[in-house]
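Q: predicted model and sequence below, questions to follow.
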Amino acid sequence: MTYYMCATIIIVLLMITMILHVIRYSGFTKTQKTWYISTFSCIAFCALCEFAVHSGYYNIKFKIPLIILTILQFSISPLLSVFFSGALGMYKEARRGFYFFSINIVAESVLAPFGLIFFFDEAGYHRGDLFIIYEVFYFIGLLYLIIDMCFVGKRFRHRDLITIIMILFLLIFGIIPMTIDKIHIAYLSIGICSALCYIYYNDLVQQDIKDDLVANQNKIFEMQTHTISGLANLIENRDTETGGHVARTSEYVKILATDCKNKGLFSDIIDDNYIYSLYKLAPLHDVGKIVVSDTLLKKPGKLTAEEYEEMKKHATFGGEVVKEILTGVTDEDYLKFASDIATYHHERFDGSGYPNKLKGDEIPLNARIMAIADVFDALISKRCYKEAIPIEEAFEIIKEESGTHFDPRLVDVFLSDKEKYVEIFKLK
């Protein structure tokens, strides 16, 4: 009797805990919550009915109430798998299961009052000659639950065989003592299994949500990539003599940032993700030129002071364009990263650059890296307003402007790996 009392208390408390969790859990719809609450409530009810019948406090004057409770228990217990099917989102299977197990409800309601399924006498509860009807439906119900678990695992593209096997063993070792030795621990097993199923299903749901998030992130990333590529191509197509500039500068910044990382320079800023973002967003550095007229972009020879002031506007406007285009398809950090490259890559380390005359470390690191790559490629490329200069001479100019135009720490790293930049220029 003490054992039955403890087992019943444990399972009822467990089911109450699960019900409270379902109520507070925001990951399920109202329909799913209803199914889960029905499942856990019925398990608690059946466990209490089992205790009432087998607690050892039987009195013949309670025969009618006990018969009613037992009929309800025998009718509901095979339906637990149906309730759980609904909770797992398998609504069609739940409806089909209910139609099937309604046969058991009819059988219990018709046969039980005649003592054919069970009966009570002065000694207490006894199994009837047709008790096997209940056992068959009970076993089918448990098997139905296991099959549903397998289908759920397949539907979510995950099948935790260890969890399913563990649940199966718990159910079997709950059924065998009840069937053979008449030790009534089945609902303890069912309750534990239902809790495991609930946890298992939550894991599957969370994994599925995670997969969906990753898929959505990939779609967003593709949108970003296409947007960046399209903007860069738009600018480059307007200035046909800078062909390959976008591709080369992207490779240059990647090499420079990677070398900095390998040398431990700016280790608090540069990591693999930083390098990847810099490589992907470098093509946007001149996107602001979309506001510059073709007359200025393709003018042979030197610009006048007024024309130069007009050309300088592309830096400020570039940051604004990036924010306008990428807002809503990326996060704030990524947006700022892209905007900084477009806005500040013409700032100079000594504070004489534009648009804001930032100085030293006031200039974002990605813009400082971009400045070296941009100027280097412009020097060694033919433009409408100048001829290309020899690569070694370009390296010398970068060196000479260390500390004035460029961050001297970056210049040192840049000049330590000349061969890679030469190779990129020849290939692209």
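A: Okay, I see it.

Q: make sure Tyr279 is actually in contact with Lys254.
A: Yes - using CB atoms under 8 Å, Tyr279 is in contact with Lys254, at 4.3 Å. (C-beta placed from N, C-alpha, C; glycine too.)

Q: settle it for me: which of the two has more neighbours?
A: Lys254 (20 against 17; other CB atoms under 10 Å).

Q: how about the helices in the stretch 1-150 of the chain?
A: Using DSSP state H, counting those that start in this stretch, the helices found in the stretch 1-150 of the chain span residues 2-24, 30-54, 63-76, 80-87, 91-111, 131-155.

Q: put together TSV for the ones you listed, with mean neighbour count, mean pLDDT and distance to Ala388 on each row.
A: Shown next, in TSV, are the helices of the stretch 1-150 of the chain (neighbours: other CB atoms under 10 Å; pLDDT from 0 to 100; distance: least, CB to CB, whole Å):
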stretch	mean neighbour count	mean pLDDT	distance to Ala388
helix 2-24	16	81	68
helix 30-54	20	83	67
helix 63-76	18	84	86
helix 80-87	27	78	71
helix 91-111	16	84	70
helix 131-155	18	75	61
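
Q: and Phe349, which of these is closest to it?
A: helix 2-24 (56.1 Å; CB to CB).

Q: tell me what angle that closest one forms with helix 30-54.
A: Inter-element angle recorded for helix 2-24 and helix 30-54: 170 degrees (by axes from the mean of the first three to the mean of the last three CA atoms, to 10 degrees).

Q: sketch out the low-pLDDT regions of this structure for me.
A: 1-4, 56, 58, 149, 152-214, 216-218, 220-243, 328-330, 428 (pLDDT under 70).

Q: domains in it, by residue range?
A: 2-212, 239-427 (automatic domain parsing).

Q: among these, which comes closest to Lys219?
A: It is, among the domains of the chain and with distance given as CB to CB, domain 239-427, at 9.7 Å.

Q: please state the offset of that closest one from the chain centre?
A: 34 Å (CA atoms, centre = their mean, to the nearest Å).

Q: what's the answer for stretch 99-110, then?
A: 44 Å.

Q: alpha carbons only: can I get it in PDB?
A: The C-alpha trace of stretch 99-110 is given here as PDB (Å, rounded to 0.1, in the frame of the first residue of the first chain):
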ATOM      1  CA  TYR A  99     -12.100   6.000 -33.900                       C
ATOM      2  CA  PHE A 100     -10.200   2.700 -33.300                       C
ATOM      3  CA  PHE A 101     -10.000   3.000 -29.500                       C
ATOM      4  CA  SER A 102     -13.700   4.000 -29.300                       C
ATOM      5  CA  ILE A 103     -14.300   0.300 -29.800                       C
ATOM      6  CA  ASN A 104     -12.600  -0.300 -26.500                       C
ATOM      7  CA  ILE A 105     -14.800   2.400 -24.900                       C
ATOM      8  CA  VAL A 106     -17.900   0.700 -26.100                       C
ATOM      9  CA  ALA A 107     -16.700  -2.700 -24.900                       C
ATOM     10  CA  GLU A 108     -15.800  -1.400 -21.500                       C
ATOM     11  CA  SER A 109     -19.100   0.400 -21.100                       C
ATOM     12  CA  VAL A 110     -21.100  -2.600 -22.200                       C
END
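
Q: would you turn the helices of the stretch 1-150 of the chain into a markdown table with distance to Asp271?
A: As requested, the helices of the stretch 1-150 of the chain are exported to a markdown table (distance: least, CB to CB, whole Å):
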| stretch | distance to Asp271 |
| --- | --- |
| helix 2-24 | 38 |
| helix 30-54 | 41 |
| helix 63-76 | 58 |
| helix 80-87 | 44 |
| helix 91-111 | 47 |
| helix 131-155 | 37 |
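
Q: out of these, nearest to Gly124?
A: Nearest to Gly124, of the helices of the stretch 1-150 of the chain and by CB to CB, is helix 30-54 at 8.1 Å.

Q: could you list every helix and strand in contact with the closest one?
A: Applying 3 or more CB pairs under 8 Å, 6 or more residues apart in numbering; DSSP states H and E, one finds that helix 30-54 contacts helix 2-24, helix 63-76, helix 80-87, helix 186-238.

Q: can you do 10 Å?
A: helix 2-24, helix 63-76, helix 80-87, helix 91-111, strand 124-127, helix 186-238 (3 or more CB pairs under 10 Å, 6 or more residues apart in numbering; DSSP states H and E).
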